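Undergrad: give me the fold of what follows.
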Amino acid sequence: MQIKILGTGCPKCKTLEKITRDAVAETGINAGIEKVQDIIKIMEYNILHTPALVINEKVVLSGQVPTVSQVKEILIKNQ
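TA: Residues are numbered from 1 along each chain as shown. Next up is the predicted model:
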């Protein structure tokens, strides 16, 4: 599974990255996590708000900071 955190480095983006890393560790899912901060690359995903969570090139969350349990649920659904 390939996970991308889209965000320019704001506190919410950093929080989403930490929550996502925690959720991956707790579920034991084999995933690569990449932080994308380049605004041009972020714009390619056609999102209106950051932070955003992308799993296998599909935007699954945007414009909010979920809980660890919400991210775990998203990860399991998108395996």
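
Undergrad: contacts only, for the residue nearest the centre of the chain.
TA: Geometric centre of the chain, nearest residue: residue 53, 2.7 Å, by CA atoms, centre = their mean. The contact partners of residue 53, taken as CB atoms under 8 Å, 6 or more residues apart in numbering, are 3-6, 16, 20, 59-62, 66, 71, 74. For every residue, glycine as well, the C-beta is placed using N, CA and C.

Undergrad: just the ones of these in strands?
TA: Among those, DSSP state E puts 3-6, 59-62 in strands.

Undergrad: quick one on the thing from earlier: which among the contacts of residue 53 end up buried?
TA: Neighbour counting with 16 or more other CB atoms under 10 Å marks 3-6, 16, 20, 61-62, 66, 71, 74 as buried within the contacts of residue 53.

Undergrad: for the residues you listed, which one is nearest residue 46?
TA: Relative to residue 46, the closest of these is residue 62; by CB to CB it sits at 9.7 Å.

Undergrad: helices or strands next to the helix or strand containing residue 40 in the packing?
TA: Of the helices and strands defined by DSSP states H and E, residue 40 is found in helix 39-43. Using 3 or more CB pairs under 8 Å, 6 or more residues apart in numbering; DSSP states H and E as the contact test, no helix or strand touches helix 39-43.

Undergrad: name the residues that touch it?
TA: Helix 39-43 has contacts (CB under 8 Å, 6+ apart) with 6-8, 36, 50, 52.

Undergrad: as a markdown table, the buried ones among the contacts of residue 53 with pLDDT and distance to residue 46 would be great.
TA: Formatted as a markdown table, the buried ones among the contacts of residue 53 follow (pLDDT from 0 to 100; distance: CB to CB, whole Å):
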| residue | pLDDT | distance to residue 46 |
| --- | --- | --- |
| 3 | 98 | 18 |
| 4 | 98 | 14 |
| 5 | 98 | 17 |
| 6 | 98 | 11 |
| 16 | 97 | 18 |
| 20 | 97 | 21 |
| 61 | 97 | 14 |
| 62 | 97 | 10 |
| 66 | 97 | 20 |
| 71 | 97 | 21 |
| 74 | 96 | 19 |
